[in-house]
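> only geometry, no sequence info:
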């Protein structure tokens, strides 16, 4: 099949629908949010259209800086954990028979049907002192008495990795399935062990996929606001939690919008940097 | 009973009510087409269901005024809608149930029609905190529903009921408390002021607020959970995972009646009494009907009915009520309540919120 460059306007027609969707569901709402972030907060009744920088000024403090820093670090950590677990898992999965793969994939898809609320409450039960997994450890003699594993940073991290892992696997799966098996065969013929072949051949061959997956999980994790509340202490709350507080409980839409714009810009910048670094490396 | 508990839980949940309201607002339930009618906004979910079932039909029977109930979201979304509509001369509801903070905010734009108190037979028997006045003395709102937030404990863990809010500060309770996560719904500044600073008047000045915050900071190591979601704390309280905290008196009482090892205690400093008002939009033309409704709602018999069937604390003085002692104890107490300083959440909302967030997150 030969691709012809588009000539007439009608050749661009397939693009209209996606473009329209992008405008309606992303460009317009995001523009409204940016506009609101410059509006003036009126404590007695929502906000009035204006052009002030108060909302951004309020954000620029060490307090919000540290909350933003924590949110970014948490999202990065979740992304790294997910990829470290999911990449070898998916690789091994693709080596199994078709039937086994189907069962696993259906299982993973069913995890996706769980809402964040259910995941949060399930983990909070598993980590509790009265009904949690430490009771099992006591029963088999590993621990003296049951303890509560939450609220804690590790509980938050576990919950968020659990939530993002199925996405990670489903994103990695197509690339790993399509990986040319002759690459591995060549490595093995040349004397590499399976582990060595995995790290020296499979991993570099899929570097772009891995980077793309990291970014996707990072962005996914950045928006999490329920799990940090259910499983963490206030010091583990992400910026999204504070945005929700402002928007819903304080009716301070301009400030909430300013925080959200900031979060989007910082994460876009990070994604950009990652891609840039990737490009430079491949140019070497 | 579990079903009742579930609906009770959701009644103050802002998000849930918002979603419910969006659905119901689209199709207001018109009861009966009669000549005299009144549109009444009530919090969506539990309150609307209870009012539709127990209150509105009786009112229509007694007065011949048909009621069209409108589910309103809690929080400030409804205030903003009323305000926008009033500017256009419209009233999505004539009367609305409105939180104290939102009532004050509405006052600033004269959104509420002043009420003629001569038309309320039991005006003199209302408790003073249920009469909301403009700065110049005109009455902006009359108490609609009230409830208590009290000190709750798990009876397996605490054999003796605590007697004072100061137990929250006790070092022996490290990592054992569940408290509400926002300044404006936990009212812990008021609790601190009443318990340690001689009363909520101590919060009049900036220094007083700073002092209360400093004292409140000492509670932080004792807090295991700062909750927004009520189900989260209630479950942990029942299981003993988080054996002490602040929670709704009526819901805790129902859980105890259900056999759960929980108790609600009115500390000697008083329980926290939160409430909502009936307010009349300035765009409403149904002034007489609205007064008839408030008059009807403020009767001792109806307040008793509400306490028994809806679980709200009565807005009238104790001695005019027909509630038996145990019925009264299920929803209220003779100990003077801690009444939140709603004015602070209007005049100093952002500053208090900022300090509060830094206190618990930092």
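Everything's here; your move. The model shown is predicted, which means the values in this text are computed figures rather than measured ones.
> need the distance between the two termini of stretch B:311-330.
In stretch B:311-330, first residue to last residue: 8 Å (Cα to Cα, to the nearest Å).
> got the contact list for residue B:128?
Contact analysis of residue B:128 by Cβ atoms under 8 Å, 6 or more residues apart in numbering or on different chains lists nothing. All C-beta atoms are positioned from the backbone trio N, CA, C, and that covers glycine.
> and it, how close does it get to residue B:100?
Separation of residue B:128 from residue B:100 (Cβ to Cβ, to the nearest Å): 13 Å.
> quick one: distance of the helix or strand harbouring residue B:69 to the chain centre.
Using DSSP states H and E, the element containing residue B:69 is strand B:66-72. Relative to its parent chain, strand B:66-72 has a centroid offset of 19 Å by Cα atoms, centre = their mean, to the nearest Å.
> quick one: contacts for residue 157?
I'll assume chain A. Listed by Cβ under 8 Å, 6+ apart, the contact partners of residue A:157 are A:74, A:77-78, A:81.
> hm, I was asking about chain B
Neighbouring residues of residue B:157 by Cβ under 8 Å, 6+ apart: B:240, B:243-244.
> among these, which ones are in strands?
Using DSSP state E, the subset of these located in strands is residue B:244.
> pLDDT and distance to residue A:264 added to the contacts of residue B:157, as TSV?
Listed next are the contacts of residue B:157 as TSV, based on pLDDT from 0 to 100; distance: Cβ to Cβ, whole Å:
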residue	pLDDT	distance to residue A:264
B:240	91	42
B:243	95	42
B:244	96	40
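> of the contacts of residue B:157, closest to chain A?
Sorting these by distance to chain A puts residue B:240 at the head of the list, at 6.0 Å, by Cβ to the nearest Cβ.
> so what's the residue count around residue B:286?
For residue B:286, the count of nearby residues is 20 (other Cβ atoms under 10 Å in any protein chain shown).
> now do the contacts for the nearest residue to it once chain neighbours are set aside.
Nearest in space to residue B:286, with sequence neighbours left out and distances taken as Cβ to Cβ, 6 or more residues apart in numbering or on different chains, is residue B:94 at 4.5 Å. By Cβ under 8 Å, 6+ apart, residue B:94 lies in contact with B:38-40, B:280-281, B:284, B:286, B:289-290.
> likewise residue A:245?
B:182, B:353, B:357.
> near chain A, which residues of chain B?
Within chain B, the positions near chain A by Cβ under 8 Å from any Cβ of the partner chain are B:14-15, B:75-76, B:79-80, B:83, B:105, B:108-109, B:181-182, B:184-185, B:224-226, B:228-229, B:232, B:236, B:239-241, B:346-347, B:349-350, B:353-354, B:357-358, B:360-362.
> from those, list the buried ones, please.
For these, a burial check counting by 16 or more other Cβ atoms under 10 Å in any protein chain shown picks out B:14, B:75-76, B:79-80, B:83, B:105, B:181-182, B:184-185, B:224-226, B:228-229, B:232, B:236, B:239-241, B:346, B:349, B:353-354, B:357, B:360-361.
> just the buried positions in the helix ranked longest in chain A, please.
Assignment by DSSP state H gives helix A:62-94 as the longest helix of chain A. Of the residues in helix A:62-94, A:64, A:67-68, A:70-72, A:74-79, A:81-83, A:86-87, A:89-91, A:93-94 count as buried by neighbour count, 16+ other Cβ under 10 Å.
> for that helix, packing partners?
Applying 3 or more Cβ pairs under 8 Å, 6 or more residues apart in numbering or on different chains; DSSP states H and E, we find helix A:62-94 packed against helix A:98-112, helix A:153-178, helix A:207-222, helix A:239-244, helix A:253-283, helix B:349-361.
> near chain B at all, the helix or strand of chain A with the lowest mean pLDDT?
Using mean pLDDT, DSSP states H and E, the weakest-scoring helix or strand in chain A turns out to be strand A:47-48, at a mean of 80. No: judged by Cβ under 8 Å from any Cβ, strand A:47-48 stays clear of chain B, getting no closer than 9.8 Å.
> can you name the next helix or strand after that strand?
helix A:54-59.
> what lies in contact with that following helix?
If you take Cβ under 8 Å, 6+ apart as the criterion, helix A:54-59 is touched by A:37-41, A:64, A:254-255, A:257-259, A:262, B:354.
> please repeat the previous calculation with a cut-off of 6 Å.
By Cβ atoms under 6 Å, 6 or more residues apart in numbering or on different chains, the residues outside helix A:54-59 that reach it are A:37, A:254-255, A:258-259, A:262.
> I'd like the average pLDDT over that helix.
Per-residue pLDDT over helix A:54-59 has a mean of 87.
> and if you look at stretch B:309-321?
91.
> now swap in stretch B:144-160 and tell me
94.
> and that stretch, how far out from the chain's middle?
Between the centre of stretch B:144-160 and the centre of its host chain there is 16 Å, according to Cα atoms, centre = their mean.
> name the helices or strands packed onto the helix or strand harbouring residue B:85?
If you go by DSSP H and E, residue B:85 is part of helix B:77-87. For helix B:77-87, the contact count by 3 or more Cβ pairs under 6 Å, 6 or more residues apart in numbering or on different chains; DSSP states H and E identifies no helix or strand as a packing neighbour.
> residues contacting that helix, please?
The contact list for helix B:77-87 (Cβ under 6 Å, 6+ apart) reads A:46, B:72, B:92, B:102, B:106, B:111, B:281-283.
> if we go to 8 Å?
With Cβ under 8 Å, 6+ apart as the test, helix B:77-87 has contacts from A:45-46, A:251, B:18, B:21, B:41, B:72, B:91-93, B:96, B:98, B:102, B:105-106, B:109, B:111, B:281-283.
> is it true that residue A:254 touches residue A:36?
Yes: counting by Cβ atoms under 8 Å, residue A:36 is a contact partner of residue A:254 at 5.7 Å.
> those two: who's more crowded?
Neighbours were counted for residue A:254 and for residue A:36 using other Cβ under 10 Å; residue A:254 has more, 26 against 19.
> from residue B:77, how far out is that one?
16 Å.
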